[in-house]
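[1] Sequence below, structure please.
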Amino acid sequence: MLDVYRGRKIGVAVPAYNEEKYIAKTLEEMPDFVDRIYVVDDCSKDGTAKIVEDFMKKDRRIELIRHEKNLGVGGAIVSGWKKGLKEGMDILAIIHGDNQMDPKFLPALLDPIVDGKADLSKGTRFYKDYWKEMPKVRVFGSMILNILNKIASGYWNVNDPQNGFFAIYSRALKQIDPDRLYKGYAFENDVLIRSNVAGLRVANVPVRIRYHGSTSKLRISNFALKTSFFLLRGFLWRIWKKYLRRGNPIGFLYLFGFFLILAGVLNLIFGLDLLILLIGIVLFFIACLWESQKANTV
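    Reported below is the predicted structural model:
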């Protein structure tokens with residue numbers, strides 16, 4: 001009989017795309033307190049599905065969800081989460097099929113939700129010396145995206161946005177509508193942006209990620225460009241939904257600051273003065289500082 005985690009039913013989505021090398025280890029390490037394991041084979045070309053099917057014979061918690069076409073990591077997670085909602089899971093988490101996420105940190109993600117302190121928990125590698133284990137190119141890229149994500153999401157105390165080690169209360173997941181979540185690698189950013197608009201409380205939990213020689217499936221330059229545009233769009237959408245349409249002054253400060261910065265940059269390019277740019281930066285900074293005092297983080 002399984003050990004239910006502190007009276008809550010726990011479901012874990014395991015997105016997997018060509019993970020025949022690591023999926024077995026990922027499933028072997030899944031804690032006993034996890035009630036359901038939703039492995040989503042995102043149209044893999046290797047033997048990932050066969051390995052999962054073999055595991056299903058000895059672990060009845062596992063369910064294999066197969067995609068006819070590749071939907072992206074976000075699409076795979078959403079498929080697992082939606083199945084968990086249908087089966088009445090109380091909390092839904094993510095552990096990727098590449099075995100980089102150590103499940104021994106899962107209780108640390110679950111506890112703030114079970115204790116009623118947070119609606120959503122996400123892991124961060126930016127804690128003590130944890131970041132030193134990251135490949136250098138990831139450190140640089142993550143730092144830049146960290147700043148951009150703070151602005152886009154409004155969660156100023158949340159770090160390491162690209163870390164996909166998540167846990168979310170099922171009731172909170174319904175509030176952000178999983179069907180509307182971004183399906184690609186900016187999935188985590190979209191979850192945070194929509195969570196802020198929904199007024200969800202977020203806990204940032206220190207975790208370690210294991211880099212065991214697996215190769216990332218994304219192209220850094222392409223990912224950075226797409227994610228930057230996504231964050232800009234997400235930021236403007238959030239400011240409209242949360243502030244502008246409600247007449248909140250934070251939204252107007254953000255908007256005026258943003259357009260003055262844009263105009264100032266254009267002025268600078270064409271050799272004009274810096275005044276517009278400086279005014280825009282000041283207004284934007286005031287909006288950031290004001291919003292940071294209201295952030296729903298724990």
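[2] CA only for contacts and neighbour counts going forward, please
    Will do.
[3] Relative to the whole chain's centre, how far out is the helix or strand where Ala203 lies?
    Ala203 belongs to strand 202-206 when elements are defined using DSSP states H and E. Offset of strand 202-206 from its chain centre (CA atoms, centre = their mean, to the nearest Å): 11 Å.
[4] I'd like the average pLDDT over that strand.
    In this model, strand 202-206 carries a mean pLDDT of 95.
[5] any low-confidence regions in this protein?
    Applying pLDDT under 70 to the chain flags residues 1-3, 129-141, 212-224, 270-273, 294-295, 297-298.
[6] contact partners of the strand holding Ala203?
    Residues outside strand 202-206 that contact it (CA atoms under 8 Å, 6 or more residues apart in numbering): 108-109, 112, 117-127, 157-159, 296-298.
[7] Can you flag which of these belong to helices?
    Residues of the contacts of strand 202-206 located in helices (DSSP state H): Ala108, Leu109, Pro112.
[8] Of those, which is the most crowded?
    Counting neighbours by other CA atoms under 10 Å, the top entry in the ones in helices among the contacts of strand 202-206 is Leu109, with 26 neighbours.
[9] residues touching that one, list them.
    Ser121, Lys122, Gly123, Phe166, Ala167, Val205.
[10] shouldn't the third one be in contact with Asn163?
    Yes: the pair Gly123 / Asn163 is scored as a contact, 6.3 Å apart, by CA atoms under 8 Å.
[11] Neighbour count for those two, which is higher?
    Gly123 (27 against 17).
[12] Not counting sequence-adjacent ones, nearest residue to the more buried one?
    Val205 (4.7 Å; CA to CA, 6 or more residues apart in numbering).
[13] For the one you found, grab the count of nearby residues.
    Neighbour count of Val205, defined by other CA under 10 Å: 23.
[14] And for Leu120?
    28.
[15] nearest residue to it other than its sequence neighbours?
    Ile168 is the one closest to Leu120 (CA to CA, 6+ apart), at 4.4 Å.
[16] now swap in Leu92 and tell me
    Sequence neighbours aside, Gly11 is the residue nearest to Leu92 in space, at 4.8 Å (criterion: CA to CA, 6+ apart).
[17] which SSE is that neighbour in?
    Going by DSSP H and E, Gly11 is in strand 10-16.
[18] ok now the helix or strand following that strand, how far from the chain's centre?
    Going down the chain from strand 10-16, the next helix or strand is helix 23-28, by DSSP H and E. Centroid displacement of helix 23-28 relative to its chain, using CA atoms, centre = their mean, is 22 Å.
[19] Toward the C-terminus, what is the element adjacent to helix 23-28?
    Downstream of helix 23-28, the first helix or strand assigned by DSSP H and E is strand 36-41.
[20] which other helices and strands contact that following strand?
    Judged by 3 or more CA pairs under 8 Å, 6 or more residues apart in numbering; DSSP states H and E, strand 36-41 is in contact with strand 10-16, helix 48-56, strand 62-66, helix 73-86.
[21] So what are the sheet partners of the third one and their directions?
    I take that to be strand 62-66. Sheet pairing of strand 62-66 (DSSP bridges) gives strand 36-41 (parallel).
[22] List the contacts of the partner strand.
    By CA under 8 Å, 6+ apart, the residues outside strand 36-41 that reach it are 10-17, 48-49, 52, 61-67, 76-77, 79-80, 83-84.
[23] And what about the residue sitting nearest the centre point of the chain, helix, strand or coil?
    The centroid of the chain falls nearest to Glu188 when counting by CA atoms, centre = their mean (2.2 Å). Per DSSP: H, G, I helix; E, B strand; the rest coil, the secondary structure class of Glu188 is helix.
[24] Please look at it and Asn159 and confirm they touch.
    No: when contacts are counted by CA under 8 Å, Glu188 is not listed as touching Asn159 (11.6 Å).
[25] So what are the structural domains in the protein, by residue number?
    10-235, 244-292 (automatic domain parsing).
[26] Count residues in the vicinity of Ala13, would you?
    Neighbours around Ala13, by other CA under 10 Å: 28.
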